[in-house]
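Peer 1: the amino acid sequence is not available; the structure is as follows:
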């Protein structure tokens, strides 16, 4: 284990709320993780859950955005399209969608010999030169699957690496919530943050107006602005977004040949 690299991750996560932006935090986190987990590429993935369960009992999963790549031309659009086409068939995504966000290796949840025969492998894994994956889920907003994916051609991730990923996961989870909360609140004015804090505490518009010595109409206008900035449609959702945030994007850092982001 690279003790210095692990300490760097813990230092970064402890100060996640001061990162300046969610993008900055995620980029710095992937760089730090790359030093602790030698692999070809690390990916910060965020997927959107559909509203209705599939026949398998899990929610349908889709990508929220087209992924930024680092470097920009690391993966062809055709390869990304192939991954999206077979997204719901990915064993680790299905496991996470079913509620299991613990650290897993791909080889722990599916037979690799049979996996190499499925379309997802043939159209995505093989041309991307990915032989092994390790993922750890982070508890994001209720309609999202958030997590860090580590990819390498070979060898498979060791038991020690799996254990380290799981031990780091509570720190990563807490830091993710802190960074998202800071990013969400940073989009609001000081007055909007005051309104949101009161609403999150259960205050009605009238009560907020009384505390802030403004009219209920002004409070309503502030809430409309808050909803627009946080991309939500209700006071409950706004309060949750300010606490947990949502990024709606994906990001990668190249750490070796065959870089990939999905």
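Peer 2: Arrived safely, thanks for sending. These figures come from a predicted structure and were not determined experimentally.
Peer 1: my guess is residue 222 contacts residue 195. True?
Peer 2: Yes - judged on Cβ atoms under 8 Å, residue 222 makes contact with residue 195 at a distance of 4.5 Å. For the C-beta atoms, the positions are set from N, CA and C on the backbone; glycine is no exception.
Peer 1: so those two - more neighbours on which side?
Peer 2: Neighbour totals were compared for residue 222 and residue 195, and residue 195 leads with 28 against 24 (other Cβ atoms under 10 Å).
Peer 1: can you name the residues that contact that one?
Peer 2: Residue 195 is in contact with 208, 212, 219, 222, 223, 226, counting by Cβ atoms under 8 Å, 6 or more residues apart in numbering.
Peer 1: quickly find the element holding the third one.
Peer 2: Assigned by DSSP states H and E, residue 219 belongs to helix 216-230.
Peer 1: the helices in the stretch 151-262 of the chain, which residues?
Peer 2: Listed in chain order, the helices of the stretch 151-262 of the chain (DSSP state H, counting those that start in this stretch) span 159-186, 190-200, 205-212, 216-230, 235-244.
Peer 1: for residue 33, find the nearest of those.
Peer 2: Closest to residue 33 of the helices of the stretch 151-262 of the chain is helix 159-186 (Cβ to Cβ; 8.4 Å).
Peer 1: which neighbouring elements make contact with that closest one?
Peer 2: If you count contacts as 3 or more Cβ pairs under 8 Å, 6 or more residues apart in numbering; DSSP states H and E, helix 159-186 packs onto helix 3-14, helix 22-36, strand 132-138, strand 144-152, helix 235-244.
Peer 1: and those as a markdown table, adding mean pLDDT and distance to residue 122?
Peer 2: Shown next, in a markdown table, are these (pLDDT from 0 to 100; distance: least, Cβ to Cβ, whole Å):
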| stretch | mean pLDDT | distance to residue 122 |
| --- | --- | --- |
| helix 3-14 | 95 | 34 |
| helix 22-36 | 88 | 28 |
| strand 132-138 | 93 | 16 |
| strand 144-152 | 88 | 17 |
| helix 235-244 | 74 | 37 |
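Peer 1: make CSV from these and add mean neighbour count to it.
Peer 2: Shown next, in CSV, are those (neighbours: other Cβ atoms under 10 Å):
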stretch, mean neighbour count
helix 3-14, 15
helix 22-36, 20
strand 132-138, 23
strand 144-152, 24
helix 235-244, 19
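Peer 1: now the helices of the stretch 151-262 of the chain as a markdown table including distance to residue 33?
Peer 2: Converted to a markdown table, the helices of the stretch 151-262 of the chain look like this (distance: least, Cβ to Cβ, whole Å):
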| stretch | distance to residue 33 |
| --- | --- |
| helix 159-186 | 8 |
| helix 190-200 | 31 |
| helix 205-212 | 41 |
| helix 216-230 | 28 |
| helix 235-244 | 21 |
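Peer 1: do you know how far the residue nearest the centre of the chain is from residue 97?
Peer 2: The centre of the chain sits closest to residue 146, judged by Cα atoms, centre = their mean, with a distance of 3.0 Å. For residue 146, the distance to residue 97 (Cβ to Cβ, to the nearest Å) stands at 12 Å.
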